[in-house]
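Chemist: I would like to see how this sequence folds:
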Amino acid sequence: MTISYTREVATCSGLGVFWKLLFRWKGSIYKLVWHNLSVYLVLYFSLSLLYRFVLNENGQEYFEQITIHCQRFSDLIPVTFVLGFYVSIVISRWWGQYQMIPWPDSCCLFISTCLQGNDDRGRLMRRTIARYMILALTQCLRMISVQVKKRFPTLEHLCEAGIITENEQKVIESLDEKCIQHPKYWMSLVWAGAVVTRAKKEGRIKDDFSFNTIINEINKFRSGCGGLLAYDWISIPLVYTQVVTLAVYTFFISSLMGRQYLNPAKNLPGHEVDLIVPVFTFLQFFFYMGWLKVAEALINPFGEDDDDFETNWLIDRNIQVAYLIVDDMHAEHPELVKDQYWDEGIPDELPYTVASEQFRSEAFIGSAMEVELSPEEQEIVILERIDEEDEGEADGDAEGGLELNDIEIGENLLPTDPVTIQNGTRRNSFRSSNATMRESIQSKLHDRSRRNSDRSLMGMLQRLLHRSSTNVSSKAHRKSTKRRTRRLPKNLSRASNQSSANVSPPTMSKIPTKENETVKMSSNSSVNTLHTESEFPGRSNSDGNALMVVRELLKDDLTQYQGSINPADCETKEGSKDSTRSFKTWKKDLRSKSEAFVHTKMLKKKLEKVQAVQNEIMKELEVELKEKKEELSRHSVYPEEVTDISDVVNLLETKTNELKKAIVENKDLAPDTVATS
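Modeler: As a prediction, this is how the structure comes out:
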């Protein structure tokens, strides 16, 4: 019963198209308002005749006072605000109820596609599922729609219409006797789900996905029916409807007196003219009352108004379409033939008729496609980039430098020239005749190192390496997973083995990790020497060996960070770029080299600290060696046998000179090992 006028307003031309709709009667505002307007006109003119011809002078004065009072306070009623907000809620609710109506088309399409079988059994299953869905919708509409209730007042009428069978009618009636207080529109959908399950067991539904899809569509259909019942159950709050109705009717009741024309001879304010017929008052009544009537007509679209939903037509349409999809069109399609554009592939354009030629248009490509920029505006603006990580690393380097400077070496620890000690000759008789003497010397050196544990140079070296290990480590270190071993010269190893017959030789090793590479320190050593064994049992020799390893590690890191970079490189290449490379590649390389230069400078500072510590160890070695010679001479021992320690000193001196030369001349360093932070 919905009134459709879409065709009449399809094209707006001339004076408009809405004026064509003003002459319609069915579903119009005139049909809704004329009863109320007639009553209002009768009451208004009755009061006007009473004032003009019935009342005496005193009565007319009293009537005039009431008219002026009603005119003054009638405008205080917020009719426009209350009525407009109410009608907007009603319109939203009306459209929401239409969208909630369930349609069986999708479910029937899945049933026809997924439930296989051209025999009577398969056809029976498909038609039964479709009929159960229509039965659920009809049962739902019988509870909310007056039209459907008048068409199917009882289950017998549904049985006569062929929507249910006699057996199904008995089952529904028996359940109504057991549980009559609840709606049971969903009962037929439960039966439909059972039929789908049976079809799955019989192999007519091939996979679980098809089975789940059909069940989900049945559940969606049930949700639509439940939503319609929820709209019918939960209405707009009654108090709001009462407020709107009272506001409109009280406003026009007060206007019956407030809009009366009074005698202009009395010069009353606002009553200088007597038009007898209040045209604008009638128009105001027409609009406000028509607005209220729209809300009354649409608040329940399942009634018998002109604009209510055609629910009876909905039932007829759904059952016809459902049977057509699941039965007549099951597994049927036209013959497969090549289309008209088979050889062409993609048609350029479909043909137009003479009448539609005027509507031909070009493809839309976007409004910004026509915007053009000048070459000057297309240039890229280079902004200075400051990364938080870079700032943090710079701060860390500054802090690390301060920590290294905090190490107090003292005046007596100033760098000195390396001490050169000549190698002596070895004698086999020394090892057999003086084992007791060696043990006494070692115990003496051990006691001395214990006394000096608090001011141990190796302890300071350990703290130095511990503080700077994070900044020194690089990506190249993380890639290395093999253990590095330090091989000493053969004569040095042989001498150390001879001098440590009764001492278990610990092994010095550098422990590689993924994050950084550190030298482990022993927890039981009083001077925090290396954790693993040194081939030199004395403290001084162990310190010298550890220092060599540290020097080698720092040299490797310096080699990886140094590369071929220098301050002049960074300054000269910063303002120019290679024309063969892109701008991004040039900027990335420049930034990487600058970062490598910073790391190189930091490593040089650390090497200077290590050299200072090395020189101090050499001085101590010289002093200790002199003491050993004196003690050995007192025991008539060949002192040349213990001078093999000089190999360590010579090796340290050689490595130091090589490292200095490599740093100054930038030689023997890999040019392509610049690592980014």
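Chemist: From now on I want contacts and neighbour counts done on CA atoms only, so please keep to that.
Modeler: OK.
Chemist: Tell me if I'm right that residue 289 and residue 248 touch.
Modeler: Yes. The criterion here is Cα atoms under 8 Å, and residue 289 meets it with residue 248 at 7.3 Å.
Chemist: Tell me which residues touch residue 82, please.
Modeler: If you count contacts by Cα atoms under 8 Å, 6 or more residues apart in numbering, residue 82 has them with 244, 247.
Chemist: for whatever helix or strand it lives in, what is the average pLDDT?
Modeler: Element membership of residue 82, judged by DSSP states H and E, is helix 79-100. Here helix 79-100 scores 93 as its mean pLDDT.
Chemist: Now do the buried residues in that helix.
Modeler: If you call a residue buried by 16 or more other Cα atoms under 10 Å, then helix 79-100 has these buried ones: 79, 82, 83, 86, 87, 90, 93, 94, 97, 100.
Chemist: how close does the residue lying closest to residue 9 once chain neighbours are set aside sit to residue 291?
Modeler: Once flanking residues are discounted, residue 9 sits nearest to residue 17: 5.6 Å by Cα to Cα, 6 or more residues apart in numbering. As judged by Cα to Cα, to the nearest Å, residue 17 and residue 291 stand 21 Å apart.
Chemist: Low-confidence regions, the protein specifically.
Modeler: By pLDDT under 70, the low-scoring segments of the chain are 1, 386-599, 635-649, 664-677.
Chemist: Let's see that with 80 instead.
Modeler: Within the chain, the ranges that satisfy pLDDT under 80 run 1-2, 179-181, 383-618, 620-622, 624-625, 628-653, 655-677.
Chemist: And residue 247, how far from residue 258?
Modeler: As judged by Cα to Cα, residue 247 and residue 258 stand 16 Å apart.
Chemist: Give me the more crowded residue out of residue 17 and residue 291.
Modeler: residue 291 (19 against 14; other Cα atoms under 10 Å).
Chemist: Now the strand or helix carrying that one: buried residues?
Modeler: If you go by DSSP H and E, residue 291 is part of helix 279-298. For helix 279-298, burial by neighbour count (16+ other Cα under 10 Å) applies to 285-286, 288-298.
Chemist: which secondary structure elements does it contact?
Modeler: Contacts defined by 3 or more Cα pairs under 8 Å, 6 or more residues apart in numbering; DSSP states H and E place helix 279-298 against helix 29-49, helix 79-100, helix 238-258.
Chemist: quick one, it and helix 238-258 angle?
Modeler: Interaxial angle, helix 279-298 versus helix 238-258 (axes from the mean of the first three to the mean of the last three Cα atoms, to 10 degrees): 160 degrees.
Chemist: ok, residues contacting the helix or strand harbouring residue 148?
Modeler: Here residue 148 is covered by helix 146-151, with elements defined by DSSP H and E. Residues outside helix 146-151 that contact it (Cα under 8 Å, 6+ apart): 138, 141, 142, 143, 302, 303, 304, 311, 312.
Chemist: of all the residues you listed, which two lie farthest apart?
Modeler: Taking Cα to Cα as the measure, the contacts of helix 146-151 span a maximum distance of 17.2 Å, between 138 and 304.
Chemist: Neighbour count: those two, which is higher?
Modeler: When neighbours are counted by other Cα under 10 Å, residue 138 and residue 304 differ, and residue 138 comes out ahead with 23 against 15.
Chemist: Thought residue 316 was touching that one, still the case?
Modeler: No. Here residue 138 lies out of contact with residue 316, judged by Cα under 8 Å, at a distance of 10.1 Å.
Chemist: just to revisit the earlier point, show me which of the contacts of helix 146-151 is closest to residue 52.
Modeler: Nearest to residue 52 out of those is residue 304 (Cα to Cα; 44.0 Å).
Chemist: residues near residue 627, how many?
Modeler: Per other Cα under 10 Å, the neighbour tally for residue 627 reads 13.
Chemist: Revised request: answer the last question for residue 655.
Modeler: Neighbours of residue 655 (other Cα under 10 Å): 16.
Chemist: Look up how far residue 601 lies from it.
Modeler: 20 Å.
Chemist: quick one: contacts for residue 384?
Modeler: So residue 384 contacts nothing (Cα under 8 Å, 6+ apart).
Chemist: tell me the secondary structure for it?
Modeler: Reducing the assignment at residue 384 to three states with DSSP: H, G, I helix; E, B strand; the rest coil gives coil.
Chemist: residues of stretch 49-63 that come out buried?
Modeler: Here stretch 49-63 shows 51, 60, 63 as buried, counting by 16+ other Cα under 10 Å.
Chemist: export these to TSV and tack on secondary structure?
Modeler: Below are these laid out as TSV (three-state DSSP):
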residue	secondary structure
51	helix
60	helix
63	helix
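Chemist: Compile these into JSON lines and extend it with columns for distance to residue 178.
Modeler: Listed next are the buried residues of stretch 49-63 as JSON lines, based on distance: Cα to Cα, whole Å:
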{"residue": "51", "distance to residue 178": "68"}
{"residue": "60", "distance to residue 178": "71"}
{"residue": "63", "distance to residue 178": "67"}
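Chemist: from those, which is closest to residue 378?
Modeler: Residue 378 has its nearest neighbour among those in residue 63, at 81.6 Å by Cα to Cα.
Chemist: excluding its backbone neighbours, what's nearest that closest one?
Modeler: Of all residues not flanking residue 63 in the chain, residue 51 sits nearest, at 7.1 Å (Cα to Cα, 6+ apart).
Chemist: The one you found and residue 62: what is the separation?
Modeler: Remark: distance between residue 51 and residue 62 (Cα to Cα) = 10 Å.
Chemist: Compute the number of surrounding residues for residue 341.
Modeler: Counted with other Cα under 10 Å, residue 341 comes out at 10.
Chemist: My understanding was that it contacts residue 348; is that so?
Modeler: No. Counting by Cα under 8 Å, residue 341 does not reach residue 348; the two are 9.8 Å apart.
Chemist: contacts for stretch 182-194?
Modeler: 128, 129, 132, 133, 135, 136, 137, 139, 140, 215, 218, 222.
Chemist: try 6 Å this time
Modeler: Stretch 182-194 has contacts (Cα atoms under 6 Å, 6 or more residues apart in numbering) with 129, 132, 136, 139, 140.
Chemist: Just name the closest of the residues you listed to residue 28, please.
Modeler: Nearest member of those to residue 28, counting by Cα to Cα, is residue 140, at 29.8 Å.
Chemist: Could you count how many residues lie near that closest one?
Modeler: Neighbourhood size, residue 140 [other Cα under 10 Å]: 22.
Chemist: just residue 11 next, same as before
Modeler: 10.
Chemist: Next: residue 634.
Modeler: The tally of other residues near residue 634 (other Cα under 10 Å) stands at 9.
Chemist: got it, and residue 609?
Modeler: 18.
Chemist: quick one: which helix or strand includes it?
Modeler: Using DSSP H and E, residue 609 falls within helix 583-634.
Chemist: And the next helix or strand past that helix?
Modeler: Taking DSSP H and E, what comes next after helix 583-634 is helix 646-665.
Chemist: Convert the C-alpha atoms of that following helix to PDB, please.
Modeler: What follows is helix 646-665 as a C-alpha-only set of coordinates in PDB (Å, rounded to 0.1, in the frame of the first residue of the first chain):
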ATOM      1  CA  SER A 646     110.900 -10.300  27.300                       C
ATOM      2  CA  ASP A 647     109.100 -11.900  24.300                       C
ATOM      3  CA  VAL A 648     105.900 -10.500  25.700                       C
ATOM      4  CA  VAL A 649     107.400  -7.100  26.100                       C
ATOM      5  CA  ASN A 650     108.900  -7.100  22.600                       C
ATOM      6  CA  LEU A 651     105.600  -8.300  21.200                       C
ATOM      7  CA  LEU A 652     103.800  -5.600  22.900                       C
ATOM      8  CA  GLU A 653     106.200  -3.000  21.700                       C
ATOM      9  CA  THR A 654     106.000  -4.300  18.100                       C
ATOM     10  CA  LYS A 655     102.200  -4.300  18.200                       C
ATOM     11  CA  THR A 656     102.100  -0.800  19.700                       C
ATOM     12  CA  ASN A 657     104.300   0.600  17.000                       C
ATOM     13  CA  GLU A 658     102.300  -1.100  14.300                       C
ATOM     14  CA  LEU A 659      99.100   0.200  15.700                       C
ATOM     15  CA  LYS A 660     100.400   3.800  15.900                       C
ATOM     16  CA  LYS A 661     101.700   3.600  12.300                       C
ATOM     17  CA  ALA A 662      98.300   2.200  11.100                       C
ATOM     18  CA  ILE A 663      96.400   5.000  12.900                       C
ATOM     19  CA  VAL A 664      98.700   7.800  11.600                       C
ATOM     20  CA  GLU A 665      99.200   6.600   8.000                       C
END
